[in-house]
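> coords please:
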Amino acid sequence: MIRNLLALVGVLALVAGGYMAAVMPGMMQLMPAMLSPGMQPIVAVINKDAAGLMAAGGNLAPGAAEETATMLGRWIESKGEIGYTTVWERKAAPGVTLDDIKAALESVATDRNIKAVGDLPLSDELNARGIKSGVIYISSYCNPETARKMIDFAPSMAAYLPCRIVVVEKPDGLWVSTLNMDMMLKMGQNMKDHPELLKAATAVRDTMWEMVERGAKGEI
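Residues are numbered from 1 along each chain as shown. Here you go, the predicted model:
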């Protein structure tokens, strides 16, 4: 009986393998890498607490899989560059200057009632030190009440504060970027039992998205 059972398992494994080879060639190509020694630390974590992994997965917010897929796509596109993977960014429209972007950010902050808490004209500082640099400008924003609610919900989120908008001059012009806040809303713990926090966090998320969009257009 045991022999028959093992034979059945073997047949099922071959069928499954054939199916994967036919419809998921990408997964088949990845299998050797997934089983390589370099992957063992990840496998060890999963094996150590599989139940914990399932519990964490069950606590994800709606849209987690889709957002993970989006980020994975950016990670692959950039050949593993983590910064590119985790940000929203837009190229500034032709003719839009840093001053135009600053004015747009100020306009959004006023419209959305979010507090500007500081800026860092990094390229100005570099140039003052005799280090030639294209534009690098960082502006920080915070809604104190939302920040307090988020920290009460997940204290580690304090490390992500305040929200930042960055303007960087690349060879093809100015780019406006910010951290992808859908990571917080969709890939973190489900906030369904904290509707006030979810509403407030979503408002901040929408504000930062609007800053990137309007900043890149120089739109007041």
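> count of neighbours near the closest residue to residue 206 other than its chain neighbours?
Nearest non-adjacent residue to residue 206, counting by Cβ to Cβ, 6 or more residues apart in numbering: residue 112, 8.0 Å away. C-beta coordinates here come from the backbone N, C-alpha and C atoms, glycine included. Around residue 112 there are 16 other residues, counting by other Cβ atoms under 10 Å.
> And residue 112, how close does it get to residue 105?
Applying Cβ to Cβ, to the nearest Å, the value for residue 112 to residue 105 is 11 Å.
> re the thing from before, so the residue nearest to residue 206 is in contact with residue 207, correct?
Yes: using Cβ atoms under 8 Å, residue 112 is in contact with residue 207, at 4.3 Å.
> related to what we said a few turns ago, so who does the residue nearest to residue 206 touch?
If you count contacts by Cβ atoms under 8 Å, 6 or more residues apart in numbering, residue 112 has them with 203, 206, 207, 210.
> same thing with residue 98?
135, 137, 167, 174.
> run the last query once more with 10 Å
The contact partners of residue 98, by Cβ atoms under 10 Å, 6 or more residues apart in numbering, come to 92, 121, 123, 135, 137, 167, 169, 174, 176, 218.
> per-residue confidence at it?
Note on residue 98: pLDDT of 98.
> again, but for residue 187
87.
> Renumber starting at 27 from here on
Let's use 27 as the start, then, which means that last one is residue 213.
> How much space separates the closest residue to it other than its chain neighbours from residue 185?
Once flanking residues are discounted, residue 213 sits nearest to residue 90: 5.1 Å by Cβ to Cβ, 6+ apart. Per Cβ to Cβ, residue 90 is found 20 Å from residue 185.
> ok, now residue 174?
15 Å.
> Same question for residue 63.
For residue 63, the distance to residue 185 (Cβ to Cβ) stands at 32 Å.
> ok, now residue 122?
Per Cβ to Cβ, residue 122 is found 32 Å from residue 185.
> okay, these two: which has more neighbours?
The neighbour count for residue 122 versus residue 185, taken as other Cβ under 10 Å, is higher for residue 122 (19 against 6).
> center of the chain, which residue is that?
Of all residues in the chain, the one closest to the mean position by Cα atoms, centre = their mean is residue 112, 3.4 Å from it.
> thought it was touching residue 101?
Yes: with contact defined as Cβ atoms under 10 Å, residue 112 reaches residue 101; the gap is 8.9 Å.
> count of neighbours near residue 77?
7.
> what's the next secondary structure element after the helix or strand harbouring it?
Element membership of residue 77 [criterion: DSSP states H and E] is helix 76-84. The first helix or strand that comes after helix 76-84 along the chain, using DSSP H and E, is helix 90-103.
> avg pLDDT for that following helix?
pLDDT averaged over helix 90-103 gives 91.
> just stretch 220-231 next, same as before
Averaged over stretch 220-231, pLDDT sits at 95.
> roughly how far is it from the heart of the chain?
The chain centroid and the centroid of stretch 220-231 are separated by 17 Å under Cα atoms, centre = their mean, to the nearest Å.
> Just the buried positions in that stretch, please.
Buried residues in stretch 220-231, defined by neighbour count with 16 or more other Cβ atoms under 10 Å: 220, 223, 224, 226, 227, 230, 231.
> Please consider this matter closed, and thank you.
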